[in-house]
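J.: model this:
(one chain, ligands or ions: 1)
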Amino acid sequence: MPREVAIITVPYDSGRKLWRMGAGPAALRGGVASALTRSGHVITETVLAPAELLELEIAGTFELYARLGAELSVVRSRGAFPVVLGGNCGCAIPTAGGPRGDTRGIVWFDAHADYNTPETTSSGFLDGMGLATLTGQCWQALAARIDGFQPLSPQRAALVGARDVSEAERQNLETAGVSWMPPAHEGELASTMHAWILDRGLAEVHVHVDVDVFDPEIVGRANAYAAPNGLSEAEVISVLRVAAEASRITSLSIASYDPLQDRAGGVLAATLSVISEVVRSSLDR
Ligand SMILES: [Mn+2]
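T.: Numbering: from 1, shown residues only. Model prediction:
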């Protein structure tokens, strides 16, 4: 029996349905489903679109993550491999955080660090605190609404491809002990990743891809926050192959795709390749 791949779409950006990057999951969904079906995988699809969310600003977004957490429990109890397509990176919070001891890590691809806290953010964008929340640096009372959530140790988090990082975030990353791997020479990221996984003895990793990790010139513009000098599709895939070989990828989340910014569809194509690669290397081994 081939293992089920459960595609869960969360079509929100900042609590607003289908707005901006909230339109990304719907734009990706069909392509993901057909690519995985073509490669012989059994898929199921769930769209997380509650009739109403709490209208209390931040609480509404955490309510959405709590609902995603509940859906993930159902999917995992069936033994399925979760692929979450979300508008915001915060979708990785319920996907990666949980009571899994100290052999589980996260590989987080992003142009940004998402490592502000309420004290350092100047944009006020909640999603600029996503990785910080996941690793226990802020919003912990709200994150506790997610059933089974436990913060992941920052020492078991790798931030790959980030280059638009504020001074406050640099300090936060360093103090917490997150491993920041900025864009580097061809092949360097893959070998750094290999050593990082072995050093920590990680048996499992969650992979999160904010699609603005891709280079806007080579691949395309993923969203309004796109930053120059990013990674190519081949570089992202080479790091993922290493992660799948040195550890075991147990789930995948994809976020921040704004179809209106990706004029030529390059980011869409690269994202589909990345998803196919993760599923192939995780399930067909
Ligand atoms: Mn980003």
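
J.: okay, now the nearest residue to residue 70 once chain neighbours are set aside: neighbour count?
T.: Ranked by CB to CB, 6 or more residues apart in numbering and with sequence neighbours excluded, the top spatial neighbour of residue 70 is residue 147, at 6.2 Å. (Each C-beta comes from the backbone N, C-alpha and C, glycine too.) Here the neighbour count serves as a burial measure; for residue 147 (other CB atoms under 10 Å) it reads 12.

J.: Look at residue 147 and tell me its secondary structure.
T.: Recorded secondary structure, residue 147: coil (DSSP: H, G, I helix; E, B strand; the rest coil).

J.: same deal with residue 241?
T.: Residue 241 ends up helix, using three-state DSSP.

J.: Residue 5 now?
T.: Secondary structure state of residue 5, per three-state DSSP, is strand.

J.: ok, it - contacts?
T.: Counting by CB atoms under 8 Å, 6 or more residues apart in numbering, residue 5 makes contact with 36, 41, 42, 43, 44, 80, 81, 83, 279, 283.

J.: In ChimeraX, how would I select the buried members of those?
T.: Below is the selection syntax for ChimeraX that covers the buried ones among the contacts of residue 5, with 16 or more other CB atoms under 10 Å defining burial:
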select :36,41,43,80,81,83,279,283
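
J.: So in this structure, which helix runs the longest?
T.: Ranked by residue count, the top helix of the chain under DSSP state H comes out as helix 58-77.

J.: after that helix, next one along is what?
T.: With elements assigned by DSSP states H and E, the helix or strand that comes after helix 58-77 is strand 81-86.

J.: Show me what that next one is packed against.
T.: strand 4-10, helix 24-38, helix 58-77, helix 92-96, strand 249-255, helix 266-283 (3 or more CB pairs under 8 Å, 6 or more residues apart in numbering; DSSP states H and E).
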